[in-house]
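compute the structure for the input listed below.
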Amino acid sequence: MTAKQRLPDRKSKVTVREVALRANVSESTVSRILRNKGPIADDTREKVMEVVRAMGYVPNRIAGSLASLNSNLVGVIIPSLSNIVFPEVLQGIHAGLEATDNMQAVISISNYDVELEENVIRGLLAWKPAAVLTTGFEHSDATRRMLELSDVRVVEMMDIDSDPIDIAVGMSHRSAGYATGRHLVEKGWRRFGYVGHNLDNDRRARLRFEGLRSALFEAGLDIAARAVAGSASSVGAGKQMTAQLLDGDTPVDVIVYSNDDMAVGGVFHCQSAGISIPGDVAVFGFNGLDIGFQMPQPLSTIRSNRFLIGKTAIEAMLTEPAGTKIDTGFEIFEGGTA
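Predicted structure coming up:
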């Protein structure tokens with residue numbers, strides 16, 4: 001199988017003529033709107049873009065005789081470069097591409113914004129890439145439609161808790177949350193706190209939280225207290241939310257964090273407040289970042305196989321059939337904080 005093998009049961013590609021007919025405008029008007037060229041009335045632009053999104057139309061930037069050539073480009077969309085998790089995924093992607101015949105990655109950042117991801121993917125597909133690698137399963141309806149109608153391989157990375165458009169490579173975050181709960185209950189912790197970031201914008205963190213609560217429910221327990229930042233995860237947010245939780249009226253003996261960034265912030269707060277870890281309160285993270293391993297008390301956490309996710313995503317797009325899910329697994333790191 002090659003990277004450009006057409007997926008089974010693909011529909012025919014939507015043409016600019018079909019978009020123009022549906023929107024009741026000329027083909028040149030559609031072209032100008034998509035290229036952002038020349039003055040166009042706002043209501044006309046809005047009407048055409050609604051049709052574009054509804055039909056999953058993608059313009060073809062490779063004209064004439066070049067249109068039949070296979071591109072060696074692999075579009076990669078990740079939500080952030082500031083989070084060390086994703087540079088490790090990119091390292092794995094690079095390692096996978098080294099084994100191919102001159103394939104190159106084109107990397108874009110979505111900032112966890114499904115509308116921005118939609119625009120990025122529309123632009124990538126216009127250049128007929130060999131494949132598109134995205135992060136997770138949360139896409140706009142228009143993005144999903146474009147990817148389903150395209151003839152490129154699609155790999156959704158980091159998560160396997162849903163059915164993929166084509167291929168999914170990652171871990172079960174619900175299972176990771178469940179494993180966290182079981183592990184901590186078995187170690188004797190009973191009064192659970194939770195510190196996290198905005199779960200509305202992070203499906204994978206939300207799945208881990210649901211898995212954690214499921215494990216606690218089986219043990220006759222639940223989250224006793226929680227503090228959730230309205231912003232993205234960071235060390236600073238973890239420090240602030242830990243202070244808020246521990247200053248509350250509900251005592252806890254262990255705090256589970258949405259990720260290691262937040263957990264490291266929690267450790268910093270406890271150190272500055274003279275709170276013993278794990279004597280007064282235990283701390284447990286997620287991701288297995290190097291900063292956690294290097295702390296005086298190594299952070300107790302779950303290690304995700306991020307490099308393997310990226311490398312396997314490339315290998316899978318070259319060899320695996322549509323509908324494949326590949327579980328790259330996770331491991332509990334005992335550490336010294338829980």
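
check the average confidence over stretch 305-316, would you?
Stretch 305-316 shows an average pLDDT of 96 in the prediction.

quick one: contacts of the helix ranked longest in the chain?
Using DSSP state H, we find that the single longest helix of the chain is helix 203-218. Outside helix 203-218, the residues that touch it by CB atoms under 8 Å, 6 or more residues apart in numbering are 136-138, 158-159, 161, 172-182, 185, 192, 194, 196-197, 199-200, 222-223, 233, 256, 258-259, 286. Backbone N, C-alpha and C define where each C-beta goes, glycine included.

report the distance from it to the chain centre.
17 Å (CA atoms, centre = their mean, to the nearest Å).

after it, which helix or strand is next? Please name it.
strand 223-228 (DSSP states H and E).

partners of that following strand in the sheet?
strand 192-196 (parallel) (DSSP bridges).

ok, residues contacting the strand it pairs with?
Residues from elsewhere that reach strand 192-196, judged by CB under 8 Å, 6+ apart: 184, 205, 209, 212, 216, 221-229, 233, 238, 241-242, 245-246, 250, 252, 254-258, 262-263, 266, 281.

pull out the buried members of those.
184, 205, 209, 212, 216, 221, 223-229, 233, 238, 241-242, 245-246, 252, 254-258, 262-263, 266, 281 (16 or more other CB atoms under 10 Å).

quick one: mean pLDDT for stretch 189-198?
Stretch 189-198 comes out at a mean pLDDT of 96.

oh sorry, the question was meant for stretch 279-299
Here stretch 279-299 scores 95 as its mean pLDDT.

and if you look at stretch 42-58?
Rounded mean pLDDT across stretch 42-58 is 81.

next, the buried residues of that stretch.
Buried, per 16+ other CB under 10 Å, within stretch 42-58: Thr44, Lys47, Val48, Met49, Val51, Val52, Arg53, Met55, Gly56, Tyr57, Val58.

any idea how far that stretch is from the chain center?
Centre to centre, stretch against its chain (CA atoms, centre = their mean), the figure for stretch 42-58 is 27 Å.

which of the three states applies to the residue nearest to Gly323 when sequence neighbours are not counted?
Nearest residue to Gly323 in three dimensions, chain neighbours excluded: Pro164, at 7.1 Å (CB to CB, 6 or more residues apart in numbering). Classification of Pro164 using DSSP: H, G, I helix; E, B strand; the rest coil returns coil.

would you check how far apart Pro164 and Pro321 are?
The spacing between Pro164 and Pro321, counted by CB to CB, to the nearest Å, is 11 Å.

which one of the two is surrounded by more residues?
More crowded of Pro164 and Pro321, by other CB atoms under 10 Å: Pro164, with 20 against 12.

wait, that one touches Gly136, no?
No: at 10.5 Å, Pro164 does not count as touching Gly136 under the criterion of CB atoms under 8 Å.

buried sites along the helix or strand of the chain with the lowest mean pLDDT?
Least confident helix or strand, the chain: helix 27-35 with a mean of 75, by mean pLDDT, DSSP states H and E. Within helix 27-35, the residues that qualify as buried are Thr29, Val30, Arg32, Ile33, Leu34, counting by 16+ other CB under 10 Å.

do stretch 178-186 as well
Buried residues in stretch 178-186 (16+ other CB under 10 Å): Tyr178, Ala179, Thr180, Gly181, Arg182, His183, Leu184, Val185.

sec struct for the third one, please.
It refers to Thr180. Judged by three-state DSSP, the three-state class of Thr180 is helix.

what ranges does this structure have for its strands?
73-78, 104-109, 131-135, 153-159, 167-171, 192-196, 223-228, 254-257, 282-284, 301-304, 324-327, 330-333 (DSSP state E).

could I get these as TSV with distance to Thr143?
Listed next are the strands of the chain as TSV, based on distance: least, CB to CB, whole Å:
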stretch	distance to Thr143
strand 73-78	10
strand 104-109	13
strand 131-135	8
strand 153-159	10
strand 167-171	16
strand 192-196	26
strand 223-228	27
strand 254-257	30
strand 282-284	34
strand 301-304	24
strand 324-327	20
strand 330-333	27
